[in-house]
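**Student:** with the sequence up front, the predicted model follows.
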Amino acid sequence: MLTITFNKRGEKMLSNIGIPGLILILIVALIVFGPNKLPEIGKAFGHSLKEFKNATEELTDSEDKTK
């Protein structure tokens, strides 16, 4: 069962995936995308995650300034 919990900063976290679940996800991704495409997908995912994090920080900062 996958549950969503909150850490001290109020951020959502997926808590019950565990190491076996992560390994299974990586194996499925390797089978589906292949070893040549997987690094590119990981890099693109990392960039997208970084952009999303920066955008949410900007929104929370601008929200804090208005209060």
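**Tutor:** Thanks, I have the structure now. Numbers count the residues shown, from 1 in each chain.
**Student:** show me the helices in the protein, by range?
**Tutor:** Taking DSSP state H, the helices of the chain run over residues 18-66.
**Student:** which stretches of the chain have low pLDDT?
**Tutor:** Across the chain, residues meeting the criterion (pLDDT under 70) sit at 1-15, 67.
**Student:** nearest residue to the middle of it?
**Tutor:** For the chain, the residue nearest the mean C-alpha position is L49 (6.3 Å; CA atoms, centre = their mean).
**Student:** how near is that residue to G34?
**Tutor:** Note on L49: its distance to G34, by CB to CB, to the nearest Å, is 22 Å. The way it works is simple: take the backbone N, C-alpha and C, and place the C-beta from them, glycine included.
**Student:** now E40
**Tutor:** Going from E40 to G34 by CB to CB gives 10 Å.
**Student:** ok, now L24?
**Tutor:** 17 Å.
**Student:** same check, this time on S48
**Tutor:** 20 Å.
**Student:** now D61
**Tutor:** On the measure of CB to CB, D61 and G34 end up 40 Å apart.
**Student:** what's the burial count for L38?
**Tutor:** 14 (other CB atoms under 10 Å).
**Student:** same question but for I41, I mixed them up
**Tutor:** So I41, with other CB under 10 Å, has 13 neighbours.
**Student:** leaving out sequence neighbours, find the closest residue to it.
**Tutor:** F33 (5.9 Å; CB to CB, 6 or more residues apart in numbering).
**Student:** sorry, back to before: which ones are touching the residue nearest to the centre of the chain?
**Tutor:** With contact set as CB atoms under 8 Å, 6 or more residues apart in numbering, L49 has no partners.
**Student:** from K37, how far off is it?
**Tutor:** Relative to K37, and taking CB to CB, L49 is found at 18 Å.
**Student:** try I17
**Tutor:** 23 Å.
**Student:** again, but for T56
**Tutor:** Counting by CB to CB, the gap from T56 to K37 is 28 Å.
**Student:** what do you get for I23?
**Tutor:** 19 Å.
**Student:** likewise for I31?
**Tutor:** From I31 to K37 the distance is 12 Å (CB to CB).
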